[in-house]
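Visitor: With the sequence up front, the predicted model follows.
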Amino acid sequence: MTSPRRYTIVIANRQTGAVRRLTIRLRPFAAAVVVALFLPSVIGMWARQLALVEVDALSSTNGVLQEENASYRAATGALTTQIESLQSAINELGIRANMDPASAAALEKLPANVRNRAEGGTSVASASAMSTSSLSLPENTFSILRDVLKSLEGHLSIVRRNVERRESLMNATPSIWPIHGWLSAGYGKRRDPFTGQPDFHPGLDISAERGTPIHATAAGTVEFAAHNGDYGNLIVVNHGYGLVTRYGHLSRFSTRPGQKVKRGDVLGYVGATGRATGAHLHYEVLANGKLVNPLQLLVGKQSERGSASN
(Lines give C-alpha, C1' and ligand atoms only; values in the text may rest on other atoms or scores of the structure.)
Protein backbone atom coordinates (compact mmCIF):
# COMPACT_ATOMS: atom_id res chain seq x y z
CA MET A 1 0.00 0.00 0.00
CA THR A 2 1.43 3.39 -1.06
CA SER A 3 1.85 6.03 1.58
CA PRO A 4 0.03 9.32 1.03
CA ARG A 5 1.97 12.04 -0.64
CA ARG A 6 3.49 14.70 1.55
CA TYR A 7 4.80 18.12 0.70
CA THR A 8 7.14 20.23 2.73
CA ILE A 9 6.96 24.00 2.69
CA VAL A 10 10.20 25.71 3.82
CA ILE A 11 9.92 29.20 5.35
CA ALA A 12 13.30 30.97 5.91
CA ASN A 13 14.00 34.24 7.75
CA ARG A 14 16.75 36.05 5.87
CA GLN A 15 17.68 38.25 8.75
CA THR A 16 18.03 35.58 11.40
CA GLY A 17 18.63 32.62 9.16
CA ALA A 18 15.93 30.66 10.98
CA VAL A 19 14.22 28.03 8.86
CA ARG A 20 10.81 26.53 9.48
CA ARG A 21 9.38 23.53 7.68
CA LEU A 22 5.67 22.85 7.27
CA THR A 23 4.74 19.42 6.04
CA ILE A 24 1.28 18.97 4.58
CA ARG A 25 -0.56 16.03 3.15
CA LEU A 26 -2.07 16.48 -0.31
CA ARG A 27 -5.51 15.02 0.23
CA PRO A 28 -6.39 16.83 3.44
CA PHE A 29 -5.04 20.06 1.97
CA ALA A 30 -7.02 19.63 -1.21
CA ALA A 31 -10.11 18.84 0.82
CA ALA A 32 -9.58 21.98 2.89
CA VAL A 33 -9.21 24.06 -0.27
CA VAL A 34 -12.37 22.59 -1.74
CA VAL A 35 -14.28 23.25 1.47
CA ALA A 36 -12.94 26.81 1.60
CA LEU A 37 -14.00 27.40 -2.00
CA PHE A 38 -17.48 25.81 -1.86
CA LEU A 39 -18.53 26.55 1.72
CA PRO A 40 -19.78 30.09 0.93
CA SER A 41 -21.84 28.71 -1.95
CA VAL A 42 -23.32 26.01 0.29
CA ILE A 43 -24.09 28.56 2.99
CA GLY A 44 -25.67 30.85 0.39
CA MET A 45 -27.82 28.04 -0.99
CA TRP A 46 -28.88 27.06 2.53
CA ALA A 47 -29.74 30.67 3.38
CA ARG A 48 -31.66 31.01 0.13
CA GLN A 49 -33.63 27.88 0.91
CA LEU A 50 -34.48 29.20 4.37
CA ALA A 51 -35.57 32.49 2.82
CA LEU A 52 -37.83 30.65 0.36
CA VAL A 53 -39.37 28.66 3.20
CA GLU A 54 -40.02 31.87 5.16
CA VAL A 55 -41.49 33.55 2.08
CA ASP A 56 -43.82 30.58 1.53
CA ALA A 57 -44.86 30.71 5.18
CA LEU A 58 -45.48 34.46 4.97
CA SER A 59 -47.42 33.99 1.74
CA SER A 60 -49.55 31.29 3.35
CA THR A 61 -50.15 33.46 6.41
CA ASN A 62 -51.07 36.39 4.18
CA GLY A 63 -53.57 34.22 2.32
CA VAL A 64 -55.15 33.09 5.59
CA LEU A 65 -55.32 36.70 6.80
CA GLN A 66 -56.94 37.78 3.54
CA GLU A 67 -59.54 35.02 3.86
CA GLU A 68 -60.22 35.98 7.48
CA ASN A 69 -60.44 39.63 6.50
CA ALA A 70 -62.92 38.79 3.74
CA SER A 71 -64.88 36.65 6.22
CA TYR A 72 -64.97 39.49 8.74
CA ARG A 73 -66.09 41.94 6.04
CA ALA A 74 -68.88 39.55 5.06
CA ALA A 75 -69.84 39.06 8.70
CA THR A 76 -69.81 42.81 9.29
CA GLY A 77 -72.00 43.36 6.23
CA ALA A 78 -74.45 40.70 7.44
CA LEU A 79 -74.55 42.23 10.92
CA THR A 80 -75.10 45.69 9.45
CA THR A 81 -78.00 44.38 7.38
CA GLN A 82 -79.51 42.69 10.45
CA ILE A 83 -79.13 45.86 12.53
CA GLU A 84 -80.78 47.96 9.81
CA SER A 85 -83.61 45.42 9.56
CA LEU A 86 -84.10 45.50 13.33
CA GLN A 87 -84.08 49.31 13.36
CA SER A 88 -86.70 49.36 10.61
CA ALA A 89 -88.84 46.84 12.49
CA ILE A 90 -88.54 48.86 15.71
CA ASN A 91 -89.56 52.06 13.92
CA GLU A 92 -92.50 50.31 12.27
CA LEU A 93 -93.70 48.84 15.56
CA GLY A 94 -93.30 52.21 17.25
CA ILE A 95 -95.55 53.86 14.66
CA ARG A 96 -98.13 51.08 14.74
CA ALA A 97 -98.20 50.95 18.53
CA ASN A 98 -99.09 54.66 18.75
CA MET A 99 -102.87 54.26 18.91
CA ASP A 100 -105.06 57.35 19.06
CA PRO A 101 -106.23 58.07 22.64
CA ALA A 102 -109.93 57.51 21.86
CA SER A 103 -109.34 54.04 20.41
CA ALA A 104 -107.01 53.18 23.28
CA ALA A 105 -109.69 54.25 25.77
CA ALA A 106 -112.28 52.08 24.00
CA LEU A 107 -109.94 49.08 24.16
CA GLU A 108 -109.35 49.59 27.87
CA LYS A 109 -113.12 49.53 28.47
CA LEU A 110 -113.53 46.12 26.85
CA PRO A 111 -114.09 43.23 29.28
CA ALA A 112 -110.81 41.69 30.42
CA ASN A 113 -111.63 38.27 28.93
CA VAL A 114 -112.10 39.93 25.53
CA ARG A 115 -108.79 41.80 25.74
CA ASN A 116 -106.98 38.62 26.79
CA ARG A 117 -107.90 37.00 23.48
CA ALA A 118 -105.70 39.51 21.69
CA GLU A 119 -102.75 39.49 24.07
CA GLY A 120 -99.75 37.24 23.55
CA GLY A 121 -98.53 35.22 26.50
CA THR A 122 -94.82 35.52 25.82
CA SER A 123 -92.77 38.29 27.35
CA VAL A 124 -89.61 39.71 25.88
CA ALA A 125 -86.58 38.25 27.70
CA SER A 126 -83.34 40.09 28.13
CA ALA A 127 -80.43 39.29 25.85
CA SER A 128 -77.65 37.03 27.12
CA ALA A 129 -74.79 38.78 28.89
CA MET A 130 -71.38 38.82 27.19
CA SER A 131 -68.30 38.03 29.28
CA THR A 132 -65.06 39.86 28.65
CA SER A 133 -63.19 36.63 27.97
CA SER A 134 -65.66 35.57 25.29
CA LEU A 135 -65.05 38.82 23.43
CA SER A 136 -61.28 38.40 23.31
CA LEU A 137 -61.34 36.99 19.78
CA PRO A 138 -63.05 38.72 16.83
CA GLU A 139 -64.75 35.51 15.73
CA ASN A 140 -66.25 35.11 19.22
CA THR A 141 -67.49 38.69 19.10
CA PHE A 142 -69.17 38.19 15.72
CA SER A 143 -70.68 34.89 16.83
CA ILE A 144 -72.11 36.38 20.02
CA LEU A 145 -73.41 39.45 18.21
CA ARG A 146 -75.11 37.25 15.63
CA ASP A 147 -76.72 35.21 18.41
CA VAL A 148 -77.91 38.36 20.19
CA LEU A 149 -79.33 39.80 16.96
CA LYS A 150 -81.15 36.55 16.18
CA SER A 151 -82.57 36.56 19.70
CA LEU A 152 -83.72 40.17 19.28
CA GLU A 153 -85.28 39.32 15.92
CA GLY A 154 -87.20 36.50 17.60
CA HIS A 155 -88.42 38.80 20.37
CA LEU A 156 -89.36 41.50 17.84
CA SER A 157 -91.37 38.91 15.94
CA ILE A 158 -93.30 38.21 19.15
CA VAL A 159 -93.83 41.93 19.75
CA ARG A 160 -94.96 42.36 16.13
CA ARG A 161 -97.54 39.60 16.56
CA ASN A 162 -98.80 41.25 19.75
CA VAL A 163 -99.09 44.61 17.98
CA GLU A 164 -100.94 42.94 15.10
CA ARG A 165 -103.34 41.31 17.57
CA ARG A 166 -103.87 44.68 19.25
CA GLU A 167 -104.55 46.30 15.87
CA SER A 168 -106.96 43.50 15.02
CA LEU A 169 -108.78 43.94 18.33
CA MET A 170 -108.92 47.71 17.77
CA ASN A 171 -110.50 47.14 14.34
CA ALA A 172 -112.97 44.73 15.94
CA THR A 173 -113.98 47.10 18.77
CA PRO A 174 -117.39 48.78 18.14
CA SER A 175 -116.23 52.32 18.76
CA ILE A 176 -118.12 54.67 16.41
CA TRP A 177 -121.75 55.81 16.39
CA PRO A 178 -123.75 53.71 13.93
CA ILE A 179 -125.89 56.62 12.69
CA HIS A 180 -126.20 60.38 12.92
CA GLY A 181 -129.24 61.03 15.10
CA TRP A 182 -130.22 61.64 18.68
CA LEU A 183 -130.19 59.26 21.63
CA SER A 184 -133.81 58.54 22.56
CA ALA A 185 -133.26 55.63 24.95
CA GLY A 186 -130.19 54.47 26.81
CA TYR A 187 -128.94 51.11 28.11
CA GLY A 188 -130.42 49.75 31.34
CA LYS A 189 -133.60 50.21 33.34
CA ARG A 190 -136.47 52.21 31.85
CA ARG A 191 -140.25 52.17 31.40
CA ASP A 192 -141.52 50.15 28.47
CA PRO A 193 -142.87 52.65 25.87
CA PHE A 194 -145.82 50.33 25.09
CA THR A 195 -146.88 49.09 28.55
CA GLY A 196 -145.40 51.73 30.88
CA GLN A 197 -144.07 48.93 33.07
CA PRO A 198 -140.47 48.79 34.39
CA ASP A 199 -138.24 47.22 31.78
CA PHE A 200 -134.60 46.57 30.98
CA HIS A 201 -133.41 48.07 27.70
CA PRO A 202 -130.53 45.95 26.26
CA GLY A 203 -129.07 48.61 23.99
CA LEU A 204 -129.37 52.13 22.66
CA ASP A 205 -132.22 53.65 20.68
CA ILE A 206 -130.94 56.32 18.29
CA SER A 207 -133.68 58.22 16.51
CA ALA A 208 -133.21 59.51 12.97
CA GLU A 209 -135.17 60.06 9.78
CA ARG A 210 -136.35 56.98 7.92
CA GLY A 211 -133.74 55.94 5.34
CA THR A 212 -130.73 57.30 7.27
CA PRO A 213 -127.68 55.09 6.51
CA ILE A 214 -126.60 52.74 9.30
CA HIS A 215 -122.84 52.14 9.55
CA ALA A 216 -120.90 49.15 10.89
CA THR A 217 -119.26 50.23 14.12
CA ALA A 218 -116.28 47.88 13.61
CA ALA A 219 -114.85 45.44 11.09
CA GLY A 220 -116.45 42.01 10.99
CA THR A 221 -118.66 39.54 9.12
CA VAL A 222 -122.44 39.82 8.70
CA GLU A 223 -123.96 36.75 10.38
CA PHE A 224 -127.65 37.57 10.06
CA ALA A 225 -129.71 39.91 7.88
CA ALA A 226 -133.44 39.15 8.02
CA HIS A 227 -136.66 39.85 9.92
CA ASN A 228 -136.54 38.70 13.57
CA GLY A 229 -139.60 39.28 15.80
CA ASP A 230 -139.57 42.45 17.90
CA TYR A 231 -136.26 43.52 16.30
CA GLY A 232 -137.97 43.80 12.92
CA ASN A 233 -135.38 43.78 10.17
CA LEU A 234 -132.20 42.84 12.05
CA ILE A 235 -128.52 42.72 11.12
CA VAL A 236 -126.02 40.88 13.33
CA VAL A 237 -122.28 41.43 12.78
CA ASN A 238 -119.62 39.20 14.32
CA HIS A 239 -116.39 41.13 14.91
CA GLY A 240 -114.33 38.30 16.37
CA TYR A 241 -112.80 38.18 19.87
CA GLY A 242 -116.30 37.40 21.20
CA LEU A 243 -117.67 40.81 20.08
CA VAL A 244 -121.04 41.00 18.31
CA THR A 245 -123.25 43.98 17.36
CA ARG A 246 -126.98 44.04 16.54
CA TYR A 247 -128.85 46.63 14.46
CA GLY A 248 -132.66 46.49 14.66
CA HIS A 249 -135.81 48.04 13.10
CA LEU A 250 -134.17 48.60 9.68
CA SER A 251 -136.30 49.64 6.72
CA ARG A 252 -134.06 47.69 4.30
CA PHE A 253 -130.69 45.96 4.07
CA SER A 254 -127.60 46.79 2.01
CA THR A 255 -125.57 43.76 3.14
CA ARG A 256 -126.10 40.01 3.16
CA PRO A 257 -125.03 37.17 5.47
CA GLY A 258 -121.39 36.12 5.04
CA GLN A 259 -120.33 39.54 3.75
CA LYS A 260 -117.22 41.06 5.33
CA VAL A 261 -117.52 44.71 6.31
CA LYS A 262 -115.14 47.40 7.53
CA ARG A 263 -115.81 50.02 10.16
CA GLY A 264 -118.01 52.69 8.57
CA ASP A 265 -119.51 50.50 5.81
CA VAL A 266 -123.25 50.94 5.28
CA LEU A 267 -125.23 47.95 6.58
CA GLY A 268 -128.76 49.16 5.91
CA TYR A 269 -131.15 52.03 6.55
CA VAL A 270 -133.21 53.33 9.47
CA GLY A 271 -136.84 52.18 9.67
CA ALA A 272 -139.58 51.29 12.17
CA THR A 273 -140.06 47.56 11.55
CA GLY A 274 -140.84 45.22 14.44
CA ARG A 275 -141.79 46.58 17.87
CA ALA A 276 -141.04 50.27 17.34
CA THR A 277 -142.88 53.49 18.11
CA GLY A 278 -141.15 55.41 15.33
CA ALA A 279 -138.15 55.50 13.01
CA HIS A 280 -135.00 54.74 14.97
CA LEU A 281 -132.11 52.29 15.26
CA HIS A 282 -131.93 49.83 18.12
CA TYR A 283 -128.22 49.09 18.69
CA GLU A 284 -126.72 46.40 20.94
CA VAL A 285 -123.21 45.20 21.78
CA LEU A 286 -122.40 41.76 23.18
CA ALA A 287 -119.07 40.55 24.57
CA ASN A 288 -118.74 36.78 24.93
CA GLY A 289 -122.51 36.48 24.73
CA LYS A 290 -123.22 39.07 27.44
CA LEU A 291 -124.77 42.47 26.81
CA VAL A 292 -122.59 45.52 27.55
CA ASN A 293 -123.43 49.21 27.49
CA PRO A 294 -122.50 50.42 23.97
CA LEU A 295 -121.88 53.94 25.29
CA GLN A 296 -118.73 52.86 27.14
CA LEU A 297 -117.10 51.86 23.82
CA LEU A 298 -118.28 54.75 21.62
CA VAL A 299 -115.80 57.50 20.82
CA GLY A 300 -116.55 60.98 19.55
CA LYS A 301 -119.64 63.02 20.33
CA GLN A 302 -123.23 62.34 19.31
CA SER A 303 -125.99 64.93 19.40
CA GLU A 304 -128.45 64.06 22.14
CA ARG A 305 -131.56 66.07 21.29
CA GLY A 306 -133.73 63.51 23.05
CA SER A 307 -133.71 62.04 26.55
CA ALA A 308 -131.70 58.99 27.45
CA SER A 309 -134.22 57.94 30.09
CA ASN A 310 -137.33 57.57 27.93
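Guide: All right, it came through fine.
Visitor: Can you pull the domain assignment for the protein?
Guide: 6-64, 74-172, 182-296 (automatic domain parsing).
Visitor: The first one - what's its average pLDDT?
Guide: Right, domain 6-64. Per-region confidence: domain 6-64 scores 71 on mean pLDDT.
Visitor: what's the least confident stretch among the domains of the chain?
Guide: domain 74-172 (a mean of 65).
Visitor: ok, and for the longest strand anywhere in the chain, which residues are buried?
Guide: Ranked by residue count and defined by DSSP state E, the top strand of the chain is strand 243-253. By neighbour count on 16 or more other CB atoms under 10 Å, the buried set for strand 243-253 is L243, V244, T245, R246, Y247, G248, H249, L250, S251, F253. To be clear about C-beta, it is placed using only N, CA and C from the backbone, and glycine gets the same treatment.
Visitor: Stretch 48-59 now?
Guide: Quick answer for stretch 48-59: no buried residues (16+ other CB under 10 Å).
Visitor: quick revisit: and of the buried residues of strand 243-253, the nearest to T61?
Guide: Comparing the buried residues of strand 243-253 against T61 with CB to CB places L243 closest, at 69.2 Å.
Visitor: residues contacting the closest one?
Guide: Contact analysis of L243 by CB atoms under 8 Å, 6 or more residues apart in numbering lists L110, V114, A172, T173, P174, A218, G220, V285, L286, A287.
Visitor: do you know how far it is from L234?
Guide: From L243 across to L234, the span is 17 Å (CB to CB, to the nearest Å).
Visitor: Can you tell me how far V163 is from V114?
Guide: Distance from V163 to V114, by CB to CB: 18 Å.
Visitor: can you pull the contacts of T221?
Guide: V237, N238, G258, Q259, K260, V261.
Visitor: closest to R48 among those?
Guide: So of those, ranked by how close each gets to R48 (CB to CB), first place is K260, at 85.5 Å.
Visitor: count of neighbours near that closest one?
Guide: Using other CB atoms under 10 Å, K260 has 11 other residues around it.
Visitor: ok, now K189?
Guide: Quick note: K189 (other CB under 10 Å) scores 10 neighbours.
Visitor: Start at 2, not 1
Guide: I'll keep to 2 as the first residue from here, and by that count the last item is K190.
Visitor: picking that back up, strand partners (parallel or antiparallel) of the longest strand of the chain?
Guide: strand 234-241 (antiparallel), strand 267-271 (antiparallel), strand 281-288 (antiparallel) (DSSP bridges).
Visitor: how much space is there between the residue lying closest to H283 once chain neighbours are set aside and N239?
Guide: In this structure, H283 finds its nearest non-sequential neighbour in G249, 3.8 Å apart by CB to CB, 6 or more residues apart in numbering. In this view, G249 and N239 are 16 Å apart by CB to CB.
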